[in-house]
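Novice: Fold the stuff below for me.
(one chain, ligands or ions: 2)
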Amino acid sequence: MQDFLTIERAEIKKRSVTERTKDFREIYELLSKDDIKEQASRCIQCGDPFCHNKCPLHNFIPFWLKAVGARADMRTAFQISNESNPFPEITGRVCPQDKLCEGDCSLNDGYGSITIGAIEAAVSENGFRNGLKPLFSAKKIDKSVAIVGSGPASISAATYLLRAGVKVVMYERQNRAGGLLTYGIPGFKIEKEVIARRVNWLVEAGLELKTNTEVGKDVAFSELVNSHNAVFLGLGAELPNRANISNETANGTIMAVDFLRNIQKKQFKEKLDKDINVANKNVVVVGGGDTAMDCLRSSVRENAKSVTCLYRRDKFSMPGSKKEFKNALDEGVNFLYNAAPRDVIINSEGSVIGLNMQKTITSDKGARQSVEIVKGSDFKIDADVVIFALGFTPNIPTFLAENGIDINSRGAIVVDNFYRTSKAGVYAGGDCMRGAALVVMAAADGKMAAAQILKDLSL
Ligand SMILES: Cc1cc2nc3c(=O)[nH]c(=O)nc-3n(C[C@H](O)[C@H](O)[C@H](O)COP(=O)(O)OP(=O)(O)OC[C@H]3O[C@@H](n4cnc5c(N)ncnc54)[C@H](O)[C@@H]3O)c2cc1C
Ligand code: SF4
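Specialist: Numbers count the residues shown, from 1 in each chain. Ligands and ions are numbered 1, 2, ... in the order given. You can find the predicted model right below:
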């Protein structure tokens with residue numbers, strides 16, 4: 001319990017910049033068994049653990065840390081971790097831990113928080129290597145649930161429904177399951193085999209997965225409602241926010257997820273929606289969040305000539321995870337702070353050649369810094385490709401209104417405290433309900449919605 005006084009928080013090893021920017025493989029190395037034990041032994045086993053409270057899944061973090069830290073009992077740690085979390089090897093990799101569990105760790109006050117995320121991922125990977133698998137119910141119940149979408153909210157809901165023995169049919173319009181885990185978040189943060197492995201376990205457990213099937217187009221929503229005991233909507237939020245500046249759709253501009261999805265499709269050797277080649281080009285990404293970092297770092301790997309991030313606030317207001325910002329910086333990305341685009345400059349053929357910019361000043365007024373344009377501060381920057389990463393709002397398929405499913409003013413599906421939409425038997429969670437958020441929040445929604453569905457079906 002006093003180990004934190006003698007053992008320092010280990011920084012997780014990364015592949016060298018030169019090596020990792022040549023490919024889209026993960027940059028972080030997994031902790032070894034010895035490192036897991038040593039790092040976990042730093043946990044002081046707080047009576048009221050802040051890490052557990054801050055984790056959206058309320059994982060029993062000190063329990064699994066104790067199992068591995070005190071007893072090197074990897075099996076128990078695996079089981080506890082996989083109980084409250086539908087995919088610990090995924091959240092351990094992609095959660096912004098500095099803003100969640102690790103940010104609230106009691107040791108984050110001078111000693112360095114426990115490396116919770118890295119331990120979480122490594123415990124599961126170690127278990128898989130030693131033949132452990134997530135457990136599902138052998139009994140089958142004569143009830144079925146349709147799930148629309150296959151992102152983390154849906155995978156989570158499916159996991160807890162399958163664990164209870166309910167039949168689950170999942171509809172996904174893309175070629176592969178996983179939502180943004182598969183077609184958004186780049187492989188250098190999470191390799192695609194990790195997601196496919198989880199999905200395959202669900203299929204082994206009885207999940208009926210229908211890919212290339214868009215609900216509302218290939219199959220009617222009413223058909224799902226009529227043939228299942230409940231429906232869960234995990235539609236995501238992929239509608240990109242616009243900059244609302246001139247020429248923002250010119251040749252050479254692209255929206256962040258379209259860009260990232262195309263790179264992923266290229267790697268899967270799938271048909272591209274819209275190709276954009278950034279090799280030997282000057283790439284400018286507008287936005288300062290995690291999605292922007294993903295586009296910047298992907299452009300580096302796609303051999304862009306220069307890669308620049310434009311952010312309208314200052315460096316300290318960057319909304320994303322600090323580790324992703326640091327990774328982008330290390331990988332050679334240029335950052336231009338307090339810079340707002342005024343319009344996209346195009347040539348006579350209508351292709352992007354740069355951006356007219358304005359400087360901004362930020363001042364602390366209220367909860368968030370306000371941004372003001374500095375008069376007469378116009379300047380230009382060259383660009384061959386401009387990627388907009390300005391956040392997302394939920395898409396609104398027409399079948400929602402047609403079926404009396406209420407939407408709020410932000411375009412998100414309205415649910416009550418129990419994940420129920422305004423249509424009886426239809427539930428929703430993840431980004432389509434809360435707006436663009438995080439994998440772990442989608443996972444928590446899916447888990448709680450599944451629990452509510454089971455309760456409402458008296459199971
Ligand atoms: C580029 C990027 C990077 C990100 N990085 C991180 C990160 O590092 N860490 C983190 O925690 N979060 C990250 N996020 C956020 C995270 O990916 C999302 O919050 C999360 O994926 C939301 O899960 P979801 O299940 O609600 O929706 P999604 O993952 O968006 O999945 C929704 C799925 O539903 C399918 N679908 C929609 N409509 C239909 C229909 N009518 N019929 C059939 N299928 C349909 C879609 O094709 C999609 O596959 C990132 C987001 C982006 C865009
Ligand atoms: S799920 Fe995310 S927030 Fe929760 S313990 Fe794991 S890494 Fe931390």
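
Novice: who in the stretch 101-250 of the chain is up against ligand 1?
Specialist: 148-154, 171-174, 179-181, 184-185, 189, 214-216, 234-236, 238 (CB under 6 Å from any ligand atom). Quick note: C-beta positions are derived from backbone N, CA and C, even for glycine.

Novice: dump the residue contacts of residue 413.
Specialist: By CB atoms under 8 Å, 6 or more residues apart in numbering, residue 413 lies in contact with 233, 235, 394, 400, 405, 406, 407, 421, 428, 432, 433.

Novice: Closest one to ligand 2 out of those, please.
Specialist: For the contacts of residue 413, the residue nearest ligand 2 by CB to the nearest ligand atom is residue 433; the value is 18.9 Å.

Novice: Now the closest one. Nearest residue, chain neighbours left out?
Specialist: Using CB to CB, 6 or more residues apart in numbering and skipping residues adjacent in sequence, the residue nearest residue 433 is residue 413, 4.9 Å away.

Novice: same question, residue 185
Specialist: residue 94 is the one closest to residue 185 (CB to CB, 6+ apart), at 6.2 Å.

Novice: so who does the one you found touch?
Specialist: Residue 94 neighbours (CB under 8 Å, 6+ apart): 181, 185, 189, 190, 439.

Novice: I'd guess residue 345 is in a helix, am I close?
Specialist: No: assigned with DSSP: H, G, I helix; E, B strand; the rest coil, residue 345 falls outside any helix and is strand.

Novice: what number of residues lie near residue 364?
Specialist: Neighbour count of residue 364, defined by other CB atoms under 10 Å: 9.

Novice: The nearest residue to it once chain neighbours are set aside: helix or strand, and which one exactly?
Specialist: In this structure, residue 364 finds its nearest non-sequential neighbour in residue 370, 8.0 Å apart by CB to CB, 6+ apart. Assigned by DSSP states H and E, residue 370 belongs to strand 369-373.

Novice: which other helices and strands contact that strand?
Specialist: Helices and strands touching strand 369-373, by 3 or more CB pairs under 8 Å, 6 or more residues apart in numbering; DSSP states H and E, are strand 352-364.

Novice: So for the strand it packs on, what gets flagged as buried?
Specialist: Neighbour counts over strand 352-364 (16 or more other CB atoms under 10 Å) mark 352, 353, 354, 355, 356, 357, 358, 359, 360, 362 as buried.

Novice: where's the dip in pLDDT among the residues you listed?
Specialist: Lowest pLDDT within the buried residues of strand 352-364 is found at residue 362 (85).

Novice: Show me what counts as buried in the longest helix along the chain.
Specialist: When the chain is parsed with DSSP state H, its longest helix is helix 439-456. The neighbour-count check on helix 439-456 (16+ other CB under 10 Å) flags 439-454, 456 as buried.

Novice: got it, and stretch 63-81?
Specialist: 63-69, 73-74, 77-81.

Novice: Just the ones of those residues in helices?
Specialist: Judged by DSSP H, helices contain the following of the buried residues of stretch 63-81: 63-69, 74, 77-81.

Novice: Of those, which is the nearest to ligand 1?
Specialist: Distances from ligand 1 to these, taken by CB to the nearest ligand atom, are shortest for residue 81, at 17.3 Å.

Novice: Output the set of residues of the stretch 51-200 of the chain in proximity to ligand 2.
Specialist: Counting by CB under 6 Å from any ligand atom, the stretch 51-200 of the chain sits next to ligand 2 at 55, 57, 59, 61, 85, 91-92, 95, 97, 100-101, 116-117, 120.

Novice: what sits against residue 431?
Specialist: Residue 431 touches 151, 153, 235, 236, 237, 392, 394, 437, 442, counting by CB under 8 Å, 6+ apart.

Novice: any idea how far the closest residue to ligand 1 within the stretch 301-450 of the chain lies from ligand 2?
Specialist: Distances between the stretch 301-450 of the chain and ligand 1 by CB to the nearest ligand atom are smallest at residue 430, namely 2.3 Å. Residue 430 is 15 Å from ligand 2, where distance means CB to the nearest ligand atom, to the nearest Å.

Novice: so where's the chain uncertain?
Specialist: 1-2, 365-369 (pLDDT under 70).

Novice: Pop the domain breakdown of it in here.
Specialist: According to automatic domain parsing, the chain comprises the domains 3-129, 144-238+393-456, 242-390.

Novice: Check the gap between residue 377 and residue 309 for me.
Specialist: Note on residue 377: its distance to residue 309, by CB to CB, to the nearest Å, is 19 Å.

Novice: Nothing else from me, thank you.
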